[in-house]
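Undergrad: Sequence below, structure please.
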Amino acid sequence: MRRPKTGFFDLSCCEGCQLQVVNAGELLLDIVNLVDIVEFREAISEKWDGELDVAFVEGSVTDEHAAERLQAIRARSKVLVALGACATTGGVNGMKNACDLTEVGRVVYGEDRRLFPTAATRAVHQVVPVEYTIHGCPIAIPEFLTVLKCILSGIPYAVPDQAVCTECKRNENVCLFDRGVTCLGPVTRAGCNSWCVNNGNICYGCRGLVSNPNEKGMLQVLTAHGVSLEHVVKKIELYNRCREEGPATNSPFIPPLAKGDQGGFQG
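TA: Residues are numbered from 1 along each chain as shown. Below you'll find the predicted structure:
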């Protein structure tokens, strides 16, 4: 049976999600036995300009060159997967959407900014259609393998849409709010097995926000612990500034569009 020709590609990102795949250890052997990896800059030097059965794209779209490259990858791929937070929510690159882009160019490139044209950050699905998404910064290999199995079986993958808190409870973690630490678990999509909290860190919201957050409950938690809503919204903006406009923007936990913001692209 022919193994699906598969490629891994990167846009604006740190390539940490691809590195997760490379570092999968013995599981990587199982992966390469299932798919024919024809392009993967982190792992092989070969290039492939033919048709792809599956394309994994890490990174966000931050200029028109990246948008054109992504569209070209989409055109020759049967299945396209947005890999990691930068690809699925715009990630940390989306923070520039709260700023004037001319000023961003001046601060980053100075007098040479004309040589580096920039644009508002977009997630992959805001530029081209996407069949599967794998959230996280970086991705969790167990979820990557689950999605890969779904792709190979030709079935959809339902991204968890309950809060990370549900996983924290199952893992018997003490709530970080009770320890005096602000955590985004109550409004962030599960699916990571509360990875960060299990290892003594907070939830930073890298998997994106649940579609219907328990706003009343979250506000009660914030009030009880003396945490301002503004403080939480600023934390959410780290990964979720690049977003679609729509009914969900009425939520107090969705970062408001700044004056002159060029975000809010519809895919």
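Undergrad: outside of stretch 209-229, which residues touch it?
TA: Stretch 209-229 is contacted from outside by 161-163, 177, 180, 182, 186-189, 232, 236, 240, 248, 251-254, using CB atoms under 8 Å, 6 or more residues apart in numbering. In this view, the C-beta of every residue, glycine as well, is placed from N, C-alpha and C.
Undergrad: State the distance spanning the first to the last residue of it.
TA: 15 Å (CA to CA, to the nearest Å).
Undergrad: tell me which residues of that stretch are tucked away?
TA: Leu209, Val210, Pro213, Met218, Val221, Leu222, Val227 (16 or more other CB atoms under 10 Å).
Undergrad: Repeat that for stretch 126-143.
TA: 126-128, 130-141, 143.
Undergrad: Going by distance to Lys169, which of those residues wins?
TA: Distance to Lys169, by CB to CB, is smallest for Ala140 among these, at 18.3 Å.
Undergrad: In space, what's closest to the closest one - neighbours in sequence excluded?
TA: Spatial nearest neighbour of Ala140, chain neighbours left out: Cys192 (5.2 Å); criterion: CB to CB, 6 or more residues apart in numbering.
Undergrad: neighbours around that neighbour, how many?
TA: 23 (other CB atoms under 10 Å).
Undergrad: quick revisit: in ChimeraX, how would I select the buried members of the contacts of stretch 209-229?
TA: For the buried members of these, the matching ChimeraX selection, counting by 16+ other CB under 10 Å, is:
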select :163,177,182,186,187,188,189,232,236,240,253,254
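Undergrad: What about the contacts of stretch 209-229, which are in helices?
TA: Under the assignment DSSP state H, the contacts of stretch 209-229 contribute Val232, Ile236, Asn240 to helices.
Undergrad: Serialize the residues you listed to JSON lines and add fields for pLDDT and distance to Asp53.
TA: Output for those, formatted as JSON lines (pLDDT from 0 to 100; distance: CB to CB, whole Å):
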{"residue": "Val232", "pLDDT": "93", "distance to Asp53": "42"}
{"residue": "Ile236", "pLDDT": "93", "distance to Asp53": "36"}
{"residue": "Asn240", "pLDDT": "92", "distance to Asp53": "31"}
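Undergrad: Need the residues you listed in TSV (columns: distance to Asp112).
TA: Shown next, in TSV, are these (distance: CB to CB, whole Å):
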residue	distance to Asp112
Val232	37
Ile236	33
Asn240	31
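Undergrad: Strands along the stretch 151-267 of the chain, start to end?
TA: For the stretch 151-267 of the chain, no strands are identified by DSSP state E, counting those that start in this stretch.
Undergrad: what stretches of it score poorly on pLDDT?
TA: 244-251, 254-267 (pLDDT under 70).
Undergrad: domains for the chain, by residue range?
TA: 5-153, 164-250 (automatic domain parsing).
Undergrad: what's the closest residue in space to Pro117 that isn't next to it in sequence sitting at in phi/psi?
TA: Excluding the flanking residues, the one nearest Pro117 by CB to CB, 6+ apart is Asp63, at 5.9 Å. With angles defined as degrees, to the nearest 10, Asp63 sits at phi -160, psi 170.
Undergrad: Good, we can wrap up now.
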